[in-house]
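A.B. asks: structure for this input, please:
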Amino acid sequence: MKPIPLIQKYMTPAPHSIGADQSLATARDFMKLHGIRHLPVLEAGKLRGILSDRDLKMALGFQGVNPIITRVEEIALEDPYVVSVTAKLDEVVATLADKRIGSALVMDHDHLVGIFTATDALKALAELLRTRLQG
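C.D. replies: Numbering: from 1, shown residues only. Take a look at the predicted model:
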């Protein structure tokens, strides 16, 4: 039996991120430009949280929220799911499913080095099915 791969094999390395002080309009445009649904939020190089497209759309739907004035830090999730580069794929995927969350931020010594999303999980599943279960 083969060992379970580490998350670093399937994560998206060097993910796009945004500053906590940026506007919601900037975040919306950035996510649209790059076709991403999860955006790590940094402040002075330190992880501060994560912004999902769902949270962004919900916030923009509230009356009185001005996307040019409201800052990312005001709606970002402050306690995102964070894993080490040495986390095992099965444990990360199980946690994402159990907690019904769409991404894990991958850290190496307090530095954001990757993101692992549901899309990455599906790509990993496809690869594992092709390489480990072919008959």
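
A.B. asks: CA atoms for contacts and neighbours, from now on please.
C.D. replies: OK.

A.B. asks: quick one: distance of the longest helix along the chain to the chain centre.
C.D. replies: Using DSSP state H to define each element, the chain has its longest helix at helix 118-132. Chain-centre distance of helix 118-132: 18 Å, with C-alpha atoms, centre = their mean, to the nearest Å.

A.B. asks: buried set for the helix or strand bottoming out on mean pLDDT in the chain?
C.D. replies: Every helix and strand of the chain was ranked by mean pLDDT, DSSP states H and E. The lowest is helix 118-132, at a mean of 92. Residues Asp120, Ala121, Ala124 are the ones in helix 118-132 that count as buried (16 or more other C-alpha atoms under 10 Å).

A.B. asks: JSON lines for the residues you listed, including distance to His16?
C.D. replies: Output for those, formatted as JSON lines (distance: C-alpha to C-alpha, whole Å):
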{"residue": "Asp120", "distance to His16": "15"}
{"residue": "Ala121", "distance to His16": "18"}
{"residue": "Ala124", "distance to His16": "21"}
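
A.B. asks: which of the residues you listed sits closest to Arg132?
C.D. replies: Taking C-alpha to C-alpha as the measure, Arg132 lies nearest Ala124 of these, at 11.5 Å.
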